[in-house]
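S.K.: based on what follows, work out the 3D shape:
(one chain, ligands or ions: 1)
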Amino acid sequence: MEVIIQPNQESASSLAARIVSREIRANPHLVLGLATGKTMECVYRHLVRMHKEEKLDFSLCSTFNLDEYVGLFPSDPNSYRHYMDQHLFRKVNVDPRNTHLPNGLADDLEAECRKYEAMITRFGGIDLQLLGIGKAGHIGFNEPLSALRSRTRVKALTPTTLKQNAPFFGGEERVPRRAITMGVGTILECRRCLLLATGGSKAEVIAKAVEGPITSMISATTLQLHARCTVVVDEAAASKLVEKDYYRWIFANEPEWEDYR
Ligand code: GLP
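M.R.: Residues are numbered from 1 along each chain as shown. So this is what the prediction gives:
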């Protein structure tokens, strides 16, 4: 893992967007894994600006989102398809036919999960996967006890996640009880992972994810197994990390990060 600490939310999300844009410029056919949530909104804002002002071209990219709620129509303002349309897809030149999210309305959800995995394979696997982190430490909707080798499947959401997402739905009882999510194993197969966390509410879980023992109780800890995982945090989210000085030293000295400093 590499941990990059930035002064604030703005600089952290801007750096994450720059990593994404550099990957797209290096490989216009990039298969990009996408995430949702408040944290990602800033990243998408930067990517939209880069598309408009710096000619960042999404026309040959394909995208796969981590997850989608079961039972919501794509037009539902709380569906992740709607989120992606609003924050990114409609504002850049990605071909809508190349954007993929699991279909939470499929009659046969298990078949839909298998289809999603097959589609990722058909596109040659995910090159770069963007990740947020839930307060309980989940990536995608890989709730506590998610198997380290799990694949795309239906997961029941935990009370913590229901509570965290309740404000979007106007009450906990309105949050769908289940979601389709890429598995931990699916995520670990991506060629590169980029996790972004900002704000003090993520400090505890970031410390566990980066410096704690690997456990299926906190699916983000499994990223320690990934050969190329970059974690970008702001000072607030980094506040409970013990080895901050070491991470800063690496960022200041590794030639790879020269253009980002
Ligand atoms: C949801 C999503 C996750 C996301 C998390 C954090 O649970 N399924 O992929 O990482 O929310 O969201 P936020 O950025 O709003 O804190």
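S.K.: so what's the nearest residue to residue 37 once chain neighbours are set aside up against?
M.R.: The shortest distance from residue 37 to any residue other than its chain neighbours is 4.3 Å, reached at residue 132 (C-beta to C-beta, 6 or more residues apart in numbering). Bear in mind the C-beta positions are built from the backbone N, C-alpha and C, glycine included. Counting by C-beta atoms under 8 Å, 6 or more residues apart in numbering, residue 132 touches 35-37, 39-40, 139, 195-197.
S.K.: do you know how far residue 132 is from the ligand?
M.R.: Separation of residue 132 from the ligand (C-beta to the nearest ligand atom, to the nearest Å) stands at 3 Å.
S.K.: centroid residue for this structure?
M.R.: In the chain, the residue lying closest to the centroid (C-alpha atoms, centre = their mean) is residue 131, at 2.0 Å.
S.K.: for that residue, which non-adjacent residue is closest in space?
M.R.: That would be residue 195: by C-beta to C-beta, 6+ apart, it lies 4.3 Å from residue 131.
S.K.: surely the residue nearest to the centre of the chain is in contact with residue 139?
M.R.: Yes - here residue 131 reaches residue 139: they are 5.0 Å apart, a contact under C-beta atoms under 8 Å.
S.K.: which residues are common contacts for the two?
M.R.: 66, 187, 195, 220, 223.
S.K.: between those residues, which is closest to residue 83?
M.R.: Nearest to residue 83 among the shared contacts of residue 131 and residue 139 is residue 66, at 11.7 Å by C-beta to C-beta.
S.K.: helices of the stretch 51-200 of the chain, start to end?
M.R.: Applying DSSP state H, counting those that start in this stretch to the stretch 51-200 of the chain gives helices spanning 80-87, 109-122, 159-169, 184-188.
S.K.: now the ones you listed in JSON lines, with mean pLDDT, distance to the ligand and mean neighbour count?
M.R.: What follows is the helices of the stretch 51-200 of the chain, written out as JSON lines (pLDDT from 0 to 100; distance: least, C-beta to the nearest ligand atom, whole Å; neighbours: other C-beta atoms under 10 Å):
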{"stretch": "helix 80-87", "mean pLDDT": "98", "distance to the ligand": "8", "mean neighbour count": "20"}
{"stretch": "helix 109-122", "mean pLDDT": "98", "distance to the ligand": "15", "mean neighbour count": "16"}
{"stretch": "helix 159-169", "mean pLDDT": "90", "distance to the ligand": "6", "mean neighbour count": "15"}
{"stretch": "helix 184-188", "mean pLDDT": "98", "distance to the ligand": "10", "mean neighbour count": "23"}
